[in-house]
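J.: mind looking at a prediction? Sequence and model below.
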Amino acid sequence: MNAETRLAAQLASSRVGALAAMKGVFARDMKVAFRQRQDLLNPLLFFIMVVTLFPLGVSPEVSFLSQAGAGILWVAALLSVLLSLDHLFRHDFDDGTLEQLVLQPQPLFLLILAKTTAHWMLTGLPLVILAPVLGVMVHLDGNSIAVLCLTLLIGTPVLSLIGAIGAALTLGLRSAGVLLSLLIIPLYIPVLIFGTGTVAAAAEGASVGAYLALMGAFLVLALTLAPFAAAAALKISLSNG
Amino acid sequence: MWQIFHKLGSPKWFFGISTRFMPWLLAGGVLLLMAGVVWGLAFAPKDYLQGNSYRIIFIHVPTAFMAQSVYIMMASAALVTLVWRMKLADVFVKAVAPVGLVLTFLALFTGSVWGKPTWGTWWIWDARLTSMLILLFLYGGVIALDRAINDEKSAARAVAVLVVVGVVNIPIIKYSVDWWNTLHQPATFKLTEKPSMPAEMWVPLLLSVLGLYLIFGWLACVRMQTEILSREQRTRWVKEFVLKGRV
């Protein structure tokens, strides 16, 4: 009995509470991900490479980089989350696990929340950890780097959550990757604006509390609404197959 | 009340009734739009600041206004699709999305043409321009998703989810873009404030907005009828319609 069917059987047979089911889905996603480590590394490499393109393509001047650095890092992080979104449901869709999850008695949006959390831990969080190194490379000062990491910490979960809607909508379609970007990028714009805006405010010496509070509001909004939309989208995509 | 609701959901009923009032929509729309545009272009007084170049407002404002209002209409219809699974609602969404895209493009284009003599540049990253550009992306996404899914029913419902998610985001996007703009640069270029406009200017403007609304209604009917015919091609009433030319 492989991991997927075992999970499905466990969830269905006993009266597993919603919280326990979420834990199970989360633990499984982490386990599966760590068995394919290269997949974990790729978005990070992509992140570093996109950042590298800017000094090469625009200007290696310290003055330019220190001014544009936060924006570059944010755009690169956004793109690399976008790139990794395809993995969120794809493998589970291909091997049928997703159908099992939809059939579970536990609310689907909670299971999606668990999956999205795992996705963020595997892509968003490493980006946040990597960001200070790249921040130094684009000549940001210490204060800006700290604020940048904080905004990424609040912002990347929002990217994962909104992305889950797009990933669910484009599941199983031809050229899903490009389509996913087209659908999701406009929705990412507010997060990008506030993420880079916070760092800009910090660089000017202004207080960042209000900005961070607004980003926190985005996070709360995404946490409460996005799983429902993603669950609805997922059901539509599966009935399509 | 519920009977009307059920009737509205029937493509055949809609096809019959829309054929009857479409000529009126078209005639009224063309009349109002012509009146508004001719009045605006030829008879309305010159702007004291911008001279004649401001006259593009009689095309720019109606398209920009419609571009936003079409998305709201689409979102309402999408909600109806998700809640009541009404067939006509998703026909509407599918039919008007390209119209909305074209209107948004026209609004951006005329705005850009207007910007050249007034601001001295084709494009600035002004908050309103940028949020219209994002609206264009949203329309593009809706159309792309609709084209990508082969199955008609799931395409309609997936598009409905996307449109509703989009409409929740529109105020957030608009607000954050406004905020972003005031952060990065003060509004150097500001159009003359609206309320100062005399009646000889805003009456033709209102006429052309109403005219475009009616023409949009006509266009939506035409496109919905085409979509209905293609979806219901296997039903008996469509066959009879094709043979006899009427429902």
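T.: Great, that's in hand. Numbers count the residues shown, from 1 in each chain, chains lettered A, B, ... in the order given.

J.: would stretch B:169-176 count as contacting chain A?
T.: Yes. Looking at stretch B:169-176 against chain A by CB under 8 Å from any CB of the partner chain, the contacts come from B:Asn169, B:Ile172, B:Ile173, B:Tyr175, B:Ser176. In this view, the C-beta of every residue, glycine as well, is placed from N, C-alpha and C.

J.: helices and strands around the helix or strand hosting B:Glu227, which ones?
T.: Using DSSP states H and E, B:Glu227 falls within helix B:199-231. If contacts are counted by 3 or more CB pairs under 8 Å, 6 or more residues apart in numbering or on different chains; DSSP states H and E, helix B:199-231 sits against helix B:11-38, helix B:57-84, helix B:87-119.

J.: which residues touch residue 134?
T.: Assuming you mean chain A. A:Leu134 sits next to A:Phe47, A:Ile48, A:Val51, A:Leu73, A:Ala76 when contact means CB atoms under 8 Å, 6 or more residues apart in numbering or on different chains.

J.: sorry, should have said chain B
T.: Listed by CB under 8 Å, 6+ apart, the contact set of B:Ile134 reads A:Pro186, A:Ile189, B:Ile173, B:Val177.

J.: do the same with A:Arg174
T.: A:Arg174 sits next to B:Ala148 when contact means CB under 8 Å, 6+ apart.

J.: pLDDT wise, what is it at?
T.: Note on A:Arg174: pLDDT of 80.

J.: now the helix holding B:Glu227 and helix B:87-119, what's the angle there?
T.: Calculated by axes from the mean of the first three to the mean of the last three CA atoms, to 10 degrees, helix B:199-231 forms an angle of 140 degrees with helix B:87-119.

J.: next, the residue lying closest to A:Leu122 once chain neighbours are set aside: secondary structure please.
T.: Leaving aside its sequence neighbours, A:Leu122 sits nearest to A:Ala33 (CB to CB, 6 or more residues apart in numbering or on different chains; 5.2 Å). What DSSP: H, G, I helix; E, B strand; the rest coil gives for A:Ala33 is helix.

J.: pretty sure A:Ala33 sits against A:Lys115.
T.: No. A:Ala33 is beyond contact range of A:Lys115, at 11.0 Å (criterion: CB atoms under 8 Å).

J.: more crowded one of those two?
T.: Neighbour count, other CB atoms under 10 Å in any protein chain shown: between A:Ala33 and A:Lys115, A:Lys115 has more, with 25 against 18.

J.: show me what counts as buried in stretch A:124-133.
T.: Buried positions in stretch A:124-133, judged by neighbour count with 16 or more other CB atoms under 10 Å in any protein chain shown: A:Gly124, A:Pro126, A:Leu127, A:Val128, A:Leu130, A:Ala131.

J.: the second one reaches A:Phe46, doesn't it?
T.: No. Under the criterion of CB under 8 Å, A:Pro126 lies out of contact with A:Phe46, with a separation of 11.7 Å.

J.: name the helix or strand of chain B that has the lowest mean pLDDT.
T.: Ranking every helix and strand in chain B by mean pLDDT, DSSP states H and E puts helix B:2-8 at the bottom, with a mean of 67.

J.: how far does stretch A:25-44 sit from its chain's centre?
T.: With CA atoms, centre = their mean, to the nearest Å as the basis, stretch A:25-44 stands 13 Å off its chain's centre.

J.: residues near residue 180, how many?
T.: No chain was given, so I picked chain A. By other CB under 10 Å, the residues close to A:Leu180 number 24.

J.: oops, wrong one, chain B.
T.: 21.

J.: with that, I have no additional questions.
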